[in-house]
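1. coords please:
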Amino acid sequence: MAKIRIYDPALCCPTGVCGPSVDPELTRIATALFMLEKKGADVARYNLGSEPQAFIDEKNVNQLLNDKGTEALPVVVVNDKVELTGKYPTNEQLAKWTGISVQELTKEPKKMKGIELL
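-> Below is the predicted model of the structure:
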């Protein structure tokens, strides 16, 4: 199975899904990565605001930041190769890289007394 590393721009928290207005794309990628981890996938996510050393240590990401600045973020590295810059991977891309079906990457929210839970 693929090793996937996502290098995020500076976010307010590790997933970026906090605060009064949450970006649905950040929610989608957080859910997909959570599901991948549950399936045993080797995934990690780094936040520029709280983990800058990871961006320095990964030579390809460091070079992209030097060349394009933070506009290159997020950067997705799969098996030590940059696969995507400037946007998050689709669930279809994650499925292709890991061999896990797209359906398994989407968790349907459960409702409990009118409250949606993941």
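2. Once you drop chain neighbours, what's closest to Pro89?
-> Val76 (5.3 Å; CB to CB, 6 or more residues apart in numbering). C-beta: built from backbone N, CA, C; applies to glycine.
3. and that neighbour, that one's in a strand?
-> Yes - counting by DSSP: H, G, I helix; E, B strand; the rest coil, Val76 is located in a strand.
4. check which helix or strand covers Tyr46.
-> strand 42-47 (DSSP states H and E).
5. Can you spell out which helices and strands pack onto the helix or strand just after that strand?
-> Following strand 42-47 in sequence order, the next helix or strand is helix 52-57 (DSSP H and E). With contacts taken as 3 or more CB pairs under 8 Å, 6 or more residues apart in numbering; DSSP states H and E, helix 52-57 sits against helix 59-68.
6. in the helix it packs on, what counts as buried?
-> Neighbour counts over helix 59-68 (16 or more other CB atoms under 10 Å) mark 61, 64-65 as buried.
7. quick check, nearest of those residues to Leu33?
-> Val61 (17.4 Å; CB to CB).
8. what's the spacing between that closest one and Tyr46?
-> Remark: distance between Val61 and Tyr46 (CB to CB, to the nearest Å) = 9 Å.
9. Return every residue with contacts to both of the two.
-> Residues touching both Val61 and Tyr46 by CB atoms under 8 Å, 6 or more residues apart in numbering: 7, 54-55.
10. Show me where this protein has its strands.
-> Secondary structure of the chain (DSSP state E): strands at 3-8, 42-47, 75-78, 81-85, 110-112, 115-117.
11. who touches the third one?
-> Spelled out, it's strand 75-78. Outside strand 75-78, the residues that reach it (CB under 8 Å, 6+ apart) are 2-7, 58, 60-61, 64, 82-85, 88-89, 97.
12. just to revisit the earlier point, ok, which of the strands of the chain comes nearest Phe34?
-> Comparing the strands of the chain under CB to CB, the one sitting nearest is strand 42-47, at 9.2 Å.
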